[in-house]
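> just coords:
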């Protein structure tokens, strides 16, 4: 399956509006990879697949996690988190992606982890700031992304955590660890 | 050492203004224990000792953690967290407190943990809302404490977490777990 065939296959897994989002993440991930000495091809591939099963029934996403030994604690947290781990599994099983770096970038694009690879940061940040995103503060994060991927991602995670607190939703512990890791990284480079 | 002697011994471990805070925590912890079917005597004892070494040199607090096998990961987080674990150690070694419930209430009064005992919730919340506290939102937390210790403590932790995010400080993972645990408890009682 070449990249064109892959794109056509993934496109039909989601509503048209969400495919627009994926196109934005593809574009932004490639730009970030070029700016931050990342691998633009891997960033593109991870971006194509990052939401591959986000619009599948959540029951199916949960079953993938349960049936294939993915982190079961995810099931106690927001369903919004499930598609990332399930998506990495599907990317490998159904689309033949075996590059662990790419799979990790799909797997951790929502929760983050500590530490994050450059490719994970690129895909995670692209998902926050692709041109179709419009939430309070997104312009500021885009500005910061021009000079520090870590500072931009830290601000993005902080926004997510505050959103969850305000909604009375649980915060996945790995997200706090990802964010704490970025605090250390930002400090160490000054 | 009777309670009067204990109080006199702890009082001189801190500046007068901080002793006022401890008096407030003692009073509030006893009131909360009476309201929520807790053990008022244990709440009083834990409150007396909760800040016993908070005004010791932080180097000494760090050494207690390092030298006595207390959780070493604390040393990578805000120094404000150290006195709680160090304090539980000192309460046992220097003041002869052997009641594990009381020691845990001292140990987890700053970070929280998941799940928290009733006594831990009482001392932790008393530390937030004693009459000398004056921070934005404290009145609201005191109001909620009249009918739900879990909802009040959840609001208190949320405030702490947002404060840390805004200051660019790391959040101790156990605090997020404590807060997530309270989200579940609040939901389960409706």
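That came through, no problem. Given the structure is predicted, the values throughout are model-derived calculations rather than measurements.

> Is residue A:37 part of a helix or strand, or is it coil?
Classification of residue A:37 using DSSP: H, G, I helix; E, B strand; the rest coil returns coil.

> Report how many residues lie close to it.
8 (other CB atoms under 10 Å in any protein chain shown). Every residue, glycine included, has its C-beta placed from N, CA and C.

> One more: residue A:5?
10.

> and chain A, which residues reach chain B?
Selection of chain A residues close to chain B by CB under 8 Å from any CB of the partner chain yields A:154, A:158, A:161-162, A:165, A:168-171, A:173, A:176-177, A:179-180, A:183-184, A:186.

> Assign a three-state SS to the residue positioned nearest the centre of chain A, would you?
Nearest to the geometric centre of chain A sits residue A:109, at 2.1 Å (CA atoms, centre = their mean). Three-state call for residue A:109 (three-state DSSP): coil.

> Same check on the one 5 residues further on?
Following three-state DSSP, we place residue A:114 in the coil state.

> Now do the contacts for the residue nearest to the centre of chain A.
Contacts were defined as CB atoms under 8 Å, 6 or more residues apart in numbering or on different chains; by that measure residue A:109 touches A:46, A:50, A:84, A:120, A:123-124, A:127.

> can you rerun that using 6 Å?
With contact taken as CB atoms under 6 Å, 6 or more residues apart in numbering or on different chains, residue A:109 is in contact with A:50, A:84, A:123-124, A:127.

> what does residue A:159 give?
Neighbour list for residue A:159: residue A:137 [criterion: CB under 6 Å, 6+ apart].

> Could you report the separation of it from residue B:46?
From residue A:159 across to residue B:46, the span is 37 Å (CB to CB, to the nearest Å).

> Equivalent analysis for residue A:27, please.
The gap separating residue A:27 from residue B:46 is 56 Å, by CB to CB.

> Residue A:59 now?
Distance of residue A:59 to residue B:46, given as CB to CB: 46 Å.

> who has more neighbours, those two?
Remark: of residue A:59 and residue B:46, residue B:46 carries more neighbours, 33 against 8, as counted by other CB under 10 Å.

> where does chain A dip in pLDDT?
Across chain A, the ranges flagged by pLDDT under 70 are A:190.

> Now do the helices in it.
A:3-11, A:16-35, A:40-49, A:58-67, A:82-95, A:100-107, A:118-129, A:138-145, A:149-167, A:173-189 (DSSP state H).

> hey, which of the ones you listed is tucked in deepest?
Across the helices of chain A, averaging neighbours per residue (mean count of other CB atoms under 10 Å in any protein chain shown) puts helix A:118-129 on top, at a mean of 25.

> what separates that helix from the chain centre, distance-wise?
Counting by CA atoms, centre = their mean, to the nearest Å, helix A:118-129 is centred 6 Å from the centre of its parent chain.

> For that helix, name the packing helices and strands.
helix A:16-35, helix A:40-49, helix A:100-107, helix A:138-145, helix A:149-167 (3 or more CB pairs under 6 Å, 6 or more residues apart in numbering or on different chains; DSSP states H and E).

> circling back to that earlier point, now distance to residue B:149 too, for the helices of chain A, in JSON lines please.
Output for the helices of chain A, formatted as JSON lines (distance: least, CB to CB, whole Å):
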{"stretch": "helix A:3-11", "distance to residue B:149": "49"}
{"stretch": "helix A:16-35", "distance to residue B:149": "42"}
{"stretch": "helix A:40-49", "distance to residue B:149": "45"}
{"stretch": "helix A:58-67", "distance to residue B:149": "33"}
{"stretch": "helix A:82-95", "distance to residue B:149": "32"}
{"stretch": "helix A:100-107", "distance to residue B:149": "38"}
{"stretch": "helix A:118-129", "distance to residue B:149": "36"}
{"stretch": "helix A:138-145", "distance to residue B:149": "37"}
{"stretch": "helix A:149-167", "distance to residue B:149": "19"}
{"stretch": "helix A:173-189", "distance to residue B:149": "23"}
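
> for the nearest residue to residue A:32 once chain neighbours are set aside, what are its contacts?
In space, and not counting its chain neighbours, residue A:32 is closest to residue A:122: 4.6 Å by CB to CB, 6 or more residues apart in numbering or on different chains. For residue A:122, the contact set (CB under 6 Å, 6+ apart) comprises A:29, A:32-33, A:38, A:43.

> and which of the residues you listed is nearest residue B:105?
Among these, residue A:32 lies closest to residue B:105 (CB to CB), at 47.4 Å.

> And that closest one, how far from residue A:42?
Distance check for residue A:32 against residue A:42: by CB to CB, it reads 12 Å.

> next one: residue A:86
To residue A:42, residue A:86 is 20 Å away according to CB to CB.

> what's the answer for residue A:98, then?
With distances taken as CB to CB, residue A:98 is found 12 Å from residue A:42.

> again, but for residue A:119
From residue A:119 across to residue A:42, the span is 6 Å (CB to CB).
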